[in-house]
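Participant: Need coordinates for the following:
(one chain, ligands or ions: 1)
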Amino acid sequence: MSDIERKNDRKKVLLGLTGGVAAYKAAELVRRLGDRGIEVHVVMTEAACGFITPATLQALSGHPVYTSMWDGRIENGMPHIELSRDKDAIVVAPATADFMAKAALGLADDLLSTLCLARDCPLIVAPAMNRQMWEHPATQRNVAQLKRDGVTILGPESGDQACGETGMGRMLEPDTLAEAVSAFLAPKILKGKRVLMTAGPTFEPIDAVRGITNRSSGKMGYALARAAIAAGAEVTLISGPVSLNAPFGAAVTRVQTAAEMFEAVKKHAAKADIFIGVAAVADYRTSAPRKHKIKKTEEDQLHISLVPNPDILGWIASRPKPPFCVGFAAESRNLDAYADEKRRRKKVRLMIANLAQHAIGADDNEVSMLDDNGTHRLPLASKDVVAQQIVAHIAGLCDSKARKSK
Ligand code: CTP
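Facilitator: Numbering: from 1, shown residues only. Predicted coordinates for the structure are as follows:
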């Protein structure tokens, strides 16, 4: 794809700011949307300009910022129509109670509210307000009306508020919002598919404070969960202990041990269309973890006896009617040969091979995808980009499987 094609392919959103303290987060939101390849054009209400300047948003977005219906920069004199016409969505963040009331009623008395009424693209709204305002029946009525009108509401969440109170009404964090907007705009190649996944390490206790684990960060698995959600899948993520935020929109079950991970997978296996095993499951656990901390003794050696853990991927792939199974092979050498052997042994349709010493904990990854058609190498890229490419490959293989079975 040429640079021009890639540029034309970029998603474009119109970001509307209304007058709330959370407007300061919009600066970060512009950046985070840009990180995801989304072009941002900004419109601000007069009240929003009291919280953050158009100059800041212009510098960050790289495009002129509009605040008035009478802006002479739009040649045909109709910014309330023109500004939304080539956009994939209007995102209003922060959205005040007043803005939502106007949008629910269809009022159009400034540039942003008129743009929303005259739009031919989806509207996404991220509320931000004091908890009492959010809980007020009038606001809740307006939220319900906006949902009926097909508006997507992202958040709010509960937490500390600028007014000093604590409760529901905080705007979602910019990174979460950008992730949700990016997912909203992505092609829905896994629409209707139920994806079950494992991610992260497992922790096998030795005693009350110690255990066996590995250095898996969960980043690749979480990136895949985000990419699958963005592709329209319903994602259930069984996660070992990691310090990552739950992917927005995933049903997450947190576990510690391989046995707990196995139980959680068994619970959801029957409903899954696709299973992706990204977890670095400990191959062994201690045969009898001690309830209390083991004390140091005069002995020269401490013996811990280990027993094998169940192979979760192997189990699900050998069910009578298995989902489409994807495994990850982390190897330190002979990458493709070991990964292909694992693919055949575990009877999975697709094995993703990566070098453990490069992949574990890193933000980037370089993988090969091994399936019945051969080996496909992906270039080194961020785990989010790699995840999107893997999801596209899975969707393609699922499609061809569906075509063959017809
Ligand atoms: N896996 C699993 N349950 C296990 C071990 C592995 O579900 N008990 C899955 C992993 O999530 C991954 C794939 O199997 O998708 C390969 O994991 P890996 O640890 O590389 O394979 P092993 O079979 O354990 O082989 P080895 O450690 O000998 O390389």
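
Participant: Strands of the stretch 1-150 of the chain, start to end?
Facilitator: Counting by DSSP state E, counting those that start in this stretch, one finds strands in the stretch 1-150 of the chain at the ranges 12-17, 39-44, 89-95, 123-127.

Participant: Switch the ones you listed over to a markdown table; also include mean pLDDT and mean neighbour count.
Facilitator: No exception for glycine: its C-beta is placed from N, CA and C like everyone else's. Shown next, in a markdown table, are the strands of the stretch 1-150 of the chain (pLDDT from 0 to 100; neighbours: other CB atoms under 10 Å):
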| stretch | mean pLDDT | mean neighbour count |
| --- | --- | --- |
| strand 12-17 | 98 | 26 |
| strand 39-44 | 98 | 24 |
| strand 89-95 | 98 | 27 |
| strand 123-127 | 97 | 25 |
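
Participant: what would these look like in a markdown table with distance to residue 294?
Facilitator: Conversion of those to a markdown table gives the following (distance: least, CB to CB, whole Å):
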| stretch | distance to residue 294 |
| --- | --- |
| strand 12-17 | 56 |
| strand 39-44 | 56 |
| strand 89-95 | 52 |
| strand 123-127 | 50 |
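
Participant: Kindly report the residues of the chain close to the ligand.
Facilitator: Neighbours of the ligand within the chain, by CB under 6 Å from any ligand atom: 198, 258, 277, 279, 281, 283, 309, 311-313, 327-330, 342.

Participant: and these, which of them are in helices?
Facilitator: Counting by DSSP state H, the part of these found in helices is 258, 312, 313, 342.

Participant: Wait, the last one touches residue 330, no?
Facilitator: Right, residue 342. No. Judged on CB atoms under 8 Å, residue 342 makes no contact with residue 330 at a distance of 10.1 Å.

Participant: Check what pLDDT the closest residue to residue 322 other than its chain neighbours gets.
Facilitator: Among residues not flanking residue 322 along the chain, residue 316 sits closest, at 6.1 Å (CB to CB, 6 or more residues apart in numbering). Confidence at residue 316, expressed as pLDDT, is 97.

Participant: Could you look up the SS state of residue 316?
Facilitator: Here residue 316 is recorded as helix under DSSP: H, G, I helix; E, B strand; the rest coil.

Participant: Next, count neighbours for the closest residue in space to residue 74 that isn't next to it in sequence.
Facilitator: What sits nearest to residue 74 in space, not counting adjacent residues and going by CB to CB, 6+ apart, is residue 82, at 5.1 Å. Counted with other CB atoms under 10 Å, residues neighbouring residue 82 total 16.

Participant: Next: residue 332.
Facilitator: Neighbour tally, residue 332, other CB under 10 Å: 10.

Participant: lowest average confidence, helix or strand, in the chain?
Facilitator: helix 3-9 (a mean of 53; mean pLDDT, DSSP states H and E).

Participant: Okay, now the unreliable bits of the protein?
Facilitator: 1-8, 298, 406 (pLDDT under 70).

Participant: Show me how it divides into domains.
Facilitator: Segmentation of the chain into domains, based on automatic domain parsing, reads 10-185, 194-292+300-405.

Participant: which residues of the stretch 101-250 of the chain fall in helices?
Facilitator: 111-117, 131-135, 137-148, 174-185, 219-230 (DSSP state H, counting those that start in this stretch).

Participant: what's the third one packed up against?
Facilitator: When you say that, I think you mean helix 137-148. Here helix 137-148 touches helix 97-105, strand 152-153, going by 3 or more CB pairs under 8 Å, 6 or more residues apart in numbering; DSSP states H and E.

Participant: Thanks again, I'm all set now.
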